[in-house]
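> Coordinates only, no sequence provided:
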């Protein structure tokens, strides 16, 4: 099915980080000489790779899973076969990780093409992409299996994913702007860990914390 619909589903999730990179990297980057020992565009690029993977997994296990579960009754039909509920759960999570790899991998190829990430750094980022997808696939599908109505997904994306996106070392190094208890609060945000110091150090040799 995805072979027939990929063009309409991949474009929105793929181009969102591309637009952020273009607008902030080129626009705001013109006013910032460097950040972390590199250009602001190069600073943004690896984090946005993780954001792309997060988006790919999150959309798959939220709206798509809920529609199949509550409206299309797809899983009811599947459970009439020898498939067990655990098989469906694992399949959905693995498919979400696959989509995360598609989005994150395509975006990573783009930033390597524009020389925003060195090739050796890109090779080290590759394992982070499926791990990011797995992390947000697990969180998203747990939410989807609990909510009674599709309208509540607006809260998930606005009140959870948006703060995670904005305060996870993607746009600025948290260690330089936050201190004390706020750094401990930031540690709770799941995107901080794939975008955090170790991932960044692999992505760009000159980045310092």
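Yes, it's here. Keep in mind it's a predicted model, so treat the numbers as computed, not measured.

> shaky segments in this protein?
5-14, 196-209 (pLDDT under 70).

> and stretch 169-178, which residues are buried?
Judged by neighbour count using 16 or more other CB atoms under 10 Å, the buried positions of stretch 169-178 are 169-174. Where you see a C-beta, it was placed from the backbone N, CA and C, and this is true even at glycine.

> And for stretch 108-115?
108, 110-112.

> from the middle of its chain, how far away would it be?
Centroid separation for stretch 108-115 versus its chain: 17 Å, with CA atoms, centre = their mean, to the nearest Å.

> thinking again about what came up before, now the buried residues of stretch 169-178 in TSV, with distance to residue 82?
Below are those laid out as TSV (distance: CB to CB, whole Å):
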residue	distance to residue 82
169	45
170	44
171	48
172	51
173	51
174	48
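
> Closest to residue 192 out of these?
residue 169 (5.9 Å; CB to CB).

> can you confirm the closest one is in a strand?
No - going by DSSP: H, G, I helix; E, B strand; the rest coil, the assignment for residue 169 is coil, not a strand.

> if I read this right, it contacts residue 44, doesn't it?
No - assessed by CB atoms under 8 Å, residue 169 is found out of contact with residue 44, at 10.6 Å.

> which outside residues touch stretch 135-155?
53-54, 57-58, 60-63, 65-67, 69-70, 89, 92-93, 96-97, 100, 156, 190-191, 193-194 (CB atoms under 8 Å, 6 or more residues apart in numbering).

> Which elements pack onto the helix or strand harbouring residue 184?
Assessed by DSSP states H and E, residue 184 sits inside helix 181-188. Judged by 3 or more CB pairs under 8 Å, 6 or more residues apart in numbering; DSSP states H and E, helix 181-188 is in contact with helix 174-177.

> go with 10 Å
helix 174-177, helix 192-195 (3 or more CB pairs under 10 Å, 6 or more residues apart in numbering; DSSP states H and E).

> Next, format those helices as CSV and append distance to residue 130.
Below are the helices and strands packed on helix 181-188 laid out as CSV (distance: least, CB to CB, whole Å):
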stretch, distance to residue 130
helix 174-177, 24
helix 192-195, 10
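
> looking at those helices, which is closest to residue 25?
The nearest among the helices and strands packed on helix 181-188, by CB to CB, is helix 192-195 at 15.8 Å.

> The contacts of stretch 135-155, buried ones only, as a PyMOL selection?
Selection command for PyMOL covering only the buried members of the contacts of stretch 135-155, criterion 16+ other CB under 10 Å:
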select buried, resi 53+54+57+58+60+61+62+63+65+66+69+92+93+96+97+100+156+190+191+193+194
